[in-house]
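> quick one, what's the 3D model for this:
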Amino acid sequence: MSVSVAPDGTVFSFPTPEEDKIEFDILKRLSEEERKRGRKIVVVQGMGFVGSVMAAVVADAEDRNGEPLYFVHGNDLVSRRSFWKIPVINSGKPPVSADDPEIPKIFPRCVNEKKTLRATWHPGVFTFADIVVVDIQLDAQKPVLGQAEEGYCDLNAFKQGMRTIGKSIKPECLILIETTVPPGTSEKIVKPVLEEEFTKRGIDIDKFPPMIAHSYERVMPGSKYVSSIRDYWRTFSGINEKAADLAEKFLTNVLNTDNFPICRLGHTNASEMAKVLENSYRAANIALMFEWAKFAENIGVNLFDVIKSIKVRKGTHDNMLRPSLGVGGYCLTKDPVLANWAAEALFGLEEKLPLAVNAVNINDLMPMHTLEIIEDACPSLQDKRVAILGV
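Here you go, the predicted structure:
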């Protein structure tokens, strides 16, 4: 079925070959016009919950005189899952919903008022890019719940996304990866793919090495959705110094770096590690408290009282977590798996990350313990109505 259905039920037909041709002509005209205005052309690849809002934030960025700095093409695939986002964005509506009052304002402002944001399905858009921001999905696969050590990362779709970029971009174009990736991805996956595509096009990769940078997001959909992108600290790096310099200039223009300074690391391996370590640290602490919660239950101790007594020690223990029913969000359930897989698959290491992976296993099975508690209180759940708050 060649249609994509929006959440509100609106049906959008896939573009025809004739519409493809018309679209490319529009992209060329818009890019040329915007470049004459002195604006860099940015393509954000992936209009999901990160990429769509990042595209709006970039399109909203202004210089000291209040003039837009960039024109942004948002790009996504012609698929049943994604295509509807393109016409929705182009109507000035957000493709995401959230409690943040900025979400329904920033899209019409950039699309209809400033006219600095437009979405497209056409892969030819990368031809016109000065900067490409990569926000396409990349998940860890866990074949068996509770056996995260068997988890792996399927990079095929991500590689294809990089290949699409490499077939069209100018050699000097900056590719800024925001997707959470296994450590080593920029150097060992993205760089070889782009070099291969450059070579096919007759581009001298010694003279024009791909300009790859990495800067992970900390997006928090909710009441401060937009702010979690624009007004938040960032870590970044480049595959070389020139790429890092280009990324630093771009991020400084787009983000509120006066109040939230950005941190530059020496290599893409480092910034890629930073994201998965950040979430692995949180996952391990959640697992630790769950382990102690079960111990406390078994010996008749109220762990919440214990934690409260410990947290009076300021500076070292006042941020101690409390036990919970499970892990909120999906990043903590996958990021340790990405790093563990990368240790062997990308770096050939025998020593992996057993503690981080075991934390995932503990957390994945945590809801089962919650069910056990419920069954203790209510032995028969048959025909019972259960209210689940916070889904």
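
> for the stretch 251-391 of the chain, what are the low-confidence residue spans?
For the stretch 251-391 of the chain, applying pLDDT under 70 flags the ranges 390-391.

> which parts of it are strands?
Secondary structure of the stretch 251-391 of the chain (DSSP state E, counting those that start in this stretch): strands at 262-264.

> quick one, helices of it?
268-298, 303-310, 331-345, 354-377 (DSSP state H, counting those that start in this stretch).

> out of these, deepest packed?
Mean neighbours per residue, mean count of other CB atoms under 10 Å, is largest over those for helix 331-345, with a mean of 22. C-beta coordinates here come from the backbone N, C-alpha and C atoms, glycine included.

> residues contacting that one, please?
Residues outside helix 331-345 that contact it (CB atoms under 8 Å, 6 or more residues apart in numbering) are 139-140, 142, 148-149, 151-153, 180-185, 273, 275-277, 279-280, 282-284, 286, 327, 349-353, 356-357, 359-360, 363-364.

> so what's residue 226 closest to, chain neighbours aside?
The shortest distance from residue 226 to any non-neighbouring residue, by CB to CB, 6 or more residues apart in numbering, is to residue 102 (4.1 Å).

> what's the burial count for the one you found?
By other CB atoms under 10 Å, the residues close to residue 102 number 20.

> how far away is it from residue 53?
9 Å (CB to CB, to the nearest Å).

> which residue ranges make up the domains of this protein?
The chain breaks down by automatic domain parsing into domains covering 3-269, 276-377.

> right, so those domains: which one is the most enclosed?
domain 3-269 comes out most buried of the domains of the chain by mean count of other CB under 10 Å, with a mean of 18.

> over to that domain now: how far is its first residue from its last?
40 Å (CA to CA, to the nearest Å).

> any idea how far that domain is from the middle of the chain?
Distance of domain 3-269 from its chain centroid, counting by CA atoms, centre = their mean, to the nearest Å, is 10 Å.

> show me the residue at the heart of the chain, geometrically.
Geometric centre of the chain, nearest residue: residue 179, 4.1 Å, by CA atoms, centre = their mean.

> for it, helix, strand, or coil?
Secondary structure, DSSP: H, G, I helix; E, B strand; the rest coil: residue 179 is coil.

> ok, back up a step: indicate which one of the helices of the stretch 251-391 of the chain is closest to residue 225.
Of all the helices of the stretch 251-391 of the chain, it is helix 331-345 that lies closest to residue 225, at 15.6 Å by CB to CB.

> got the angle between the closest one and helix 268-298?
120 degrees (axes from the mean of the first three to the mean of the last three CA atoms, to 10 degrees).

> if we can go back for a sec, which residues are in contact with each of residue 102 and residue 53?
With CB under 8 Å, 6+ apart as the test, residue 102 and residue 53 both reach 225-226.

> returning to that earlier point: the residue nearest to residue 226 and residue 202, how far apart?
Distance from residue 102 to residue 202, by CB to CB: 45 Å.

> then residue 53?
37 Å.

> equivalent analysis for residue 237, please.
Counting by CB to CB, the gap from residue 237 to residue 202 is 29 Å.

> about what we covered before: can you redo the domains of the chain as a markdown table with distance to residue 388?
Output for the domains of the chain, formatted as a markdown table (distance: least, CB to CB, whole Å):
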| stretch | distance to residue 388 |
| --- | --- |
| domain 3-269 | 19 |
| domain 276-377 | 10 |
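
> nearest to residue 385, out of those domains?
Of all these, domain 276-377 sits nearest to residue 385, with 12.6 Å by CB to CB.

> kindly check the end-to-end length of the closest one for me.
Termini of domain 276-377 sit 38 Å apart (CA to CA).

> so what's residue 168 closest to, chain neighbours aside?
Per CB to CB, 6+ apart, closest to residue 168 is residue 126, 3.9 Å.

> how near is the one you found to residue 45?
Per CB to CB, residue 126 is found 8 Å from residue 45.

> quickly list what's touching both of the two.
Common neighbours of residue 126 and residue 45, using CB under 8 Å, 6+ apart, are 75, 132, 165.

> inside helices: which ones of those?
residue 165 (DSSP state H).

> closest one to residue 27 out of the shared contacts of residue 126 and residue 45, please.
Proximity of the shared contacts of residue 126 and residue 45 to residue 27 (CB to CB) peaks at residue 75, which lies at 9.9 Å.

> contacts only, for the closest one.
Per CB under 8 Å, 6+ apart, neighbours of residue 75: 43-47, 119-123, 125-126.

> mind putting these into JSON lines with pLDDT and distance to residue 27?
Converted to JSON lines, the contacts of residue 75 look like this (pLDDT from 0 to 100; distance: CB to CB, whole Å):
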{"residue": "43", "pLDDT": "98", "distance to residue 27": "10"}
{"residue": "44", "pLDDT": "98", "distance to residue 27": "14"}
{"residue": "45", "pLDDT": "98", "distance to residue 27": "14"}
{"residue": "46", "pLDDT": "96", "distance to residue 27": "17"}
{"residue": "47", "pLDDT": "96", "distance to residue 27": "16"}
{"residue": "119", "pLDDT": "98", "distance to residue 27": "11"}
{"residue": "120", "pLDDT": "98", "distance to residue 27": "6"}
{"residue": "121", "pLDDT": "98", "distance to residue 27": "10"}
{"residue": "122", "pLDDT": "98", "distance to residue 27": "6"}
{"residue": "123", "pLDDT": "97", "distance to residue 27": "10"}
{"residue": "125", "pLDDT": "98", "distance to residue 27": "5"}
{"residue": "126", "pLDDT": "98", "distance to residue 27": "10"}
